[in-house]
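> model the structure of this input:
(2 chains, ligands or ions: 1)
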Amino acid sequence: MIYAGIDIGSITAKAALIEDNRLLATHTVFTGYNPAAAGRQVFDELLMQTGISAGAVKKVVATGYGRASVEFAHKTLTEIICHGAGAHFLNTGVRGVIDVGGQDSKAILLDAQGHVENFAMNDKCAAGTGRFLEVMAQALQIPLDQMGEISLGAENPVKISSICTVFAESEVISMIARQKDRRDIAAGIHRSAALRVASLAGKIHLAPPVVMTGGVAKNKGMLQALEDYLGYGIKVGAVPQENGAVGAAVLAAGT
Amino acid sequence: MTRTIDKENTKIAAAKKMRDIMTTYYLDALSASENNRQVAWITSGGPVEPLVAMDIIPVYPENHGAMIGSAKMGEDLCSKAEEMGYSTDLCAYARADIGCSVAKGGPIGGLPKPDMLICCNNICGTVLKWYEVQARYYGVPLFILDTPVCHTGFFPETAAYVKAQITEYIGFLETATRRKMDMDRMNQVGHLSLEGQKLWQQVLRTTAHKPSPMSAFDAFFFLALIVTLRGTTTAVDFYRELIAEMNDRIAKGISVVPDEQYRLLWDNLPVWHRLKWLSKKFSNHRACLVADTYTSAWCGAIQYIDPDNFLDSIAQAYTRIYLNIGIDQMADQVLDMIQFYDVNGLVMHSNRSCKPYSFGQMDIMRIVQKKAGIPVLMLEADMVDPRSFSESQMETRIDAFMEIILQRGATGRGGQ
Ligand code: SF4
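Next up is the predicted model:
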């Protein structure tokens, strides 16, 4: 039996298919301005790639901020429950999830069965989210996907004191003007974002084994900064960005 | 167990009467000077009974603040105060009240000018400066009743200290009114106050019934009388009727949330500007907020009141209120409520405005999770200022919380 999960995030839309407790495939597209169309597109493309017909998919669960726009979904669930289920499915035994997405970040505490015990999400503010990193990468004029790598070479990471993204951006610009090393600035940016996320984890007493999910999990600089703050290692699976979609598919199978 | 009830039947009939009473109360207050009566502004946790006994009309800027919030006028009035130089970190009740005094706006065109101000700091420290500002603005005398925080207990020194101030308070009122306090009348008001509080407690306890005949959202509304008209027959008579109506609803199986499946406890002040939205949101999940720590504060010190020695006993009663005790004691009260109302989860409103209420919430959350094993949700908002409210974030948090409760099964008890 095949089940699908669709996760419509603020920046990307993800889809996952599972069959008999096995992950078949995942796919990601940009959400753009039309979340409903993105949901359709990511699902259709995934079906095409795998050669599976829509009729073979028994149930679809939609999640993410655009979940309500997925008309072909049988059910909608929040990202929190889906990220928990996805992390547990891909990594049995995991007790915590740190998910950093485009516009929010969250920490999720799981019990041994993968059920959500507690969660904490970022406040009404972009600090500690993918959006924050994106704005900073632009200010630094480096591609977002290289910022992590670049920051790893830092020797004296700078300190960014503003929590507000707009103020932090002007701080970064003034550092560029003072010709601070880019690597140090990039590392400082990650530390600033990581501190916000680590405080979410601290709020709900997250403890290892912990996995990181969401697009930002691919950023090595951010991962390292988080590990430094938390004082333990964090795992990143093969499909961190699609973890929520995988969880949605798992929950589709379970209901 | 559940039945389908048409919408009209689920409305609480007493609500209309309550509105009428509140209208009369505010009309009386607004026309006080024409009728040669004096008006005192008083903090919500302050001892109002001596005012009632001396025929002074008590007016509550905090109740007015709640009205401003419900009327969605909070942002404008708070901004007015911010323009005057007040920080956005200041409690929105204070900002709205200060803004309103100057703008003469708000849902009822502003409160009647006070003849005196009575400030009791048992709820917070904010009220001290707020009332000082208003005393200067209106050029009227201010009485401050200082109730030391009792984190671990109530000691003889505290009792003596507060009692002495209650005596001063009576003296202050006698000077302000140029009349002597009639002790028989005071006694009578004391009895009525205690009776009103007991009845209010009974109202709140009706929600222990499953399904619940009313919700915390109703309690937020019906609360106004025990706050503003405590010590009067109006409050006593009204709550008697309300209890009768609740018992009738229980007998008929009328629930406020259709098909109630989950029962929740609310902590902190309401989000006045989003009551409808929140009530609908939870009720769509078939969840009823059956009780809250806020409205129960107006019957939380009953055990300390001695109606035959009222003035002495209120020194203790007004000092040992919910916001003036230690976090451990607050958590104990929350745990008692979880048990009594048999709830599946706790919803905590982390209220940007109210620091004393929001400060210990993380600790209470942990204690509750550990001892009661139920899920706890923390919602960040503000009781009056809508600028601290993000609908889509709220929605995701509430949906996720309800999914957790569902995942845990109907009892919600996780046992950790
Ligand atoms: S800070 Fe809290 S207790 Fe004090 S006036 Fe504001 S809402 Fe009331």
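> so where do the helices sit in the stretch 201-350 of chain B?
B:216-228, B:233-252, B:275-284, B:310-319, B:327-341 (DSSP state H, counting those that start in this stretch).
> reformat the ones you listed as CSV; add mean pLDDT.
What follows is these, written out as CSV (pLDDT from 0 to 100):
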stretch, mean pLDDT
helix B:216-228, 95
helix B:233-252, 97
helix B:275-284, 96
helix B:310-319, 95
helix B:327-341, 96
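> quick one, which of the ones you listed is nearest to residue A:231?
Using C-beta to C-beta as the measure, helix B:327-341 is the one of the helices of the stretch 201-350 of chain B that comes nearest residue A:231, at 27.2 Å. All C-beta spots, glycine's among them, are computed from the backbone N, C-alpha and C.
> tell me which strands and helices the closest one is in contact with?
strand B:262-267, strand B:287-292, helix B:361-371 (3 or more C-beta pairs under 8 Å, 6 or more residues apart in numbering or on different chains; DSSP states H and E).
> wait, does that helix contact the ligand?
No - against the ligand, helix B:327-341 shows no contacts by C-beta under 6 Å from any ligand atom, the least distance being 13.8 Å.
> that helix relative to helix B:361-371, how many degrees between them?
Put simply, helix B:327-341 runs at 50 degrees to helix B:361-371, going by axes from the mean of the first three to the mean of the last three C-alpha atoms, to 10 degrees.
> can you put the helices of the stretch 201-350 of chain B in JSON lines and add mean neighbour count?
Below are the helices of the stretch 201-350 of chain B laid out as JSON lines (neighbours: other C-beta atoms under 10 Å in any protein chain shown):
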{"stretch": "helix B:216-228", "mean neighbour count": "23"}
{"stretch": "helix B:233-252", "mean neighbour count": "17"}
{"stretch": "helix B:275-284", "mean neighbour count": "16"}
{"stretch": "helix B:310-319", "mean neighbour count": "22"}
{"stretch": "helix B:327-341", "mean neighbour count": "17"}
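> give the buried residues for the helix or strand hosting residue A:48.
According to DSSP states H and E, residue A:48 maps onto helix A:35-50. Buried residues in helix A:35-50, counted by 16 or more other C-beta atoms under 10 Å in any protein chain shown: A:35, A:38-43, A:46-47.
> of those, closest to chain B?
residue A:35 (12.6 Å; C-beta to the nearest C-beta).
> from residue A:13, how far out is that closest one?
7 Å (C-beta to C-beta, to the nearest Å).
> what's the overlap in contacts for the two?
residue A:66 (C-beta atoms under 8 Å, 6 or more residues apart in numbering or on different chains).
> show me where the stretch 101-250 of chain A has helices.
Using DSSP H, counting those that start in this stretch, helices in the stretch 101-250 of chain A cover A:130-140, A:144-151, A:165-177, A:182-203, A:220-230, A:243-254.
> most neighbours per residue, which of the ones you listed?
Each of the helices of the stretch 101-250 of chain A was scored by mean neighbour count; the highest is helix A:243-254, a mean of 29, by mean count of other C-beta atoms under 10 Å in any protein chain shown.
> between the helices and strands packed on helix B:327-341, which gets nearest to residue B:21?
Closest among the helices and strands packed on helix B:327-341, once you apply C-beta to C-beta, is strand B:287-292, at 22.0 Å.
> from the middle of its chain, how far away would that closest one be?
Chain-centre distance of strand B:287-292: 15 Å, with C-alpha atoms, centre = their mean, to the nearest Å.
> swap in stretch A:242-255?
Relative to its chain's centre, stretch A:242-255 lies at 15 Å (C-alpha atoms, centre = their mean).
> before we move on, the earlier item: what would the helices of the stretch 201-350 of chain B look like in a markdown table with distance to residue A:219?
A markdown table is the format used below for the helices of the stretch 201-350 of chain B (distance: least, C-beta to C-beta, whole Å):
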| stretch | distance to residue A:219 |
| --- | --- |
| helix B:216-228 | 43 |
| helix B:233-252 | 56 |
| helix B:275-284 | 35 |
| helix B:310-319 | 53 |
| helix B:327-341 | 39 |
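> run a quick neighbour tally on the spatially closest residue to residue B:313 that is not a sequence neighbour.
Spatially, and ignoring its direct neighbours in sequence, residue B:313 is nearest to residue B:306 (3.9 Å; C-beta to C-beta, 6 or more residues apart in numbering or on different chains). Burial of residue B:306 is recorded as 14 neighbouring residues (other C-beta atoms under 10 Å in any protein chain shown).
> how many neighbours does the closest residue to residue B:145 other than its chain neighbours have?
For residue B:145, ignoring the flanking residues on the chain, the nearest one in space by C-beta to C-beta, 6+ apart is residue B:120 at 4.2 Å. By other C-beta under 10 Å, the residues close to residue B:120 number 27.
> residue B:120 and chain A, how far apart?
Counting by C-beta to the nearest C-beta, to the nearest Å, the gap from residue B:120 to chain A is 32 Å.
> and for residue B:39?
For residue B:39, the distance to chain A - C-beta to the nearest C-beta - is 39 Å.
> from residue B:272, how far out is that residue?
Taken as C-beta to C-beta, the span from residue B:39 to residue B:272 is 23 Å.
> ok, the residue in the stretch 1-150 of chain B that chain A sits nearest to - contacts?
Taking C-beta to the nearest C-beta, chain A has its nearest neighbour within the stretch 1-150 of chain B at residue B:88, 13.7 Å off. Listed by C-beta under 8 Å, 6+ apart, the contact set of residue B:88 reads B:78, B:82, B:95, B:385.
> equivalent analysis for residue B:159, please.
B:315-316.
> give me the element residue B:379 is part of.
strand B:376-381.
> where along chain B do the strands fall?
For chain B, the strands defined by DSSP state E cover B:39-42, B:57-59, B:116-120, B:142-145, B:262-267, B:287-292, B:345-351, B:376-381.
> so which elements touch the second one?
For strand B:57-59, the helices and strands in contact under the criterion 3+ C-beta pairs under 8 Å, 6+ apart are helix B:14-30, strand B:39-42, helix B:49-53.
> let me have these in a markdown table, extended by distance to the ligand, mean neighbour count and mean pLDDT.
Output for those, formatted as a markdown table (distance: least, C-beta to the nearest ligand atom, whole Å; neighbours: other C-beta atoms under 10 Å in any protein chain shown; pLDDT from 0 to 100):
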| stretch | distance to the ligand | mean neighbour count | mean pLDDT |
| --- | --- | --- | --- |
| helix B:14-30 | 20 | 15 | 95 |
| strand B:39-42 | 12 | 25 | 98 |
| helix B:49-53 | 19 | 24 | 97 |
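> for these, which one sits closest to residue B:108?
helix B:14-30 (5.8 Å).
> can you list the neighbours in contact with that closest one?
With contacts defined as C-beta under 8 Å, 6+ apart, helix B:14-30 is touched by B:35, B:37, B:39, B:57, B:59, B:108, B:111-112, B:218, B:221-222, B:224-225, B:228-229, B:234, B:238, B:241-242, B:245.
> now that helix and helix B:216-228, what's the angle there?
30 degrees.
> and residue 61, how many residues sit next to it?
Went with chain A since none was named. Neighbour number of residue A:61 under other C-beta under 10 Å is 29.
> try again with chain B
Applying other C-beta under 10 Å, we find 26 residues neighbouring residue B:61.
> pLDDT value on it, please?
pLDDT for residue B:61: 96.
> contacts only, for it.
B:41, B:43, B:93, B:97, B:111, B:130, B:134.
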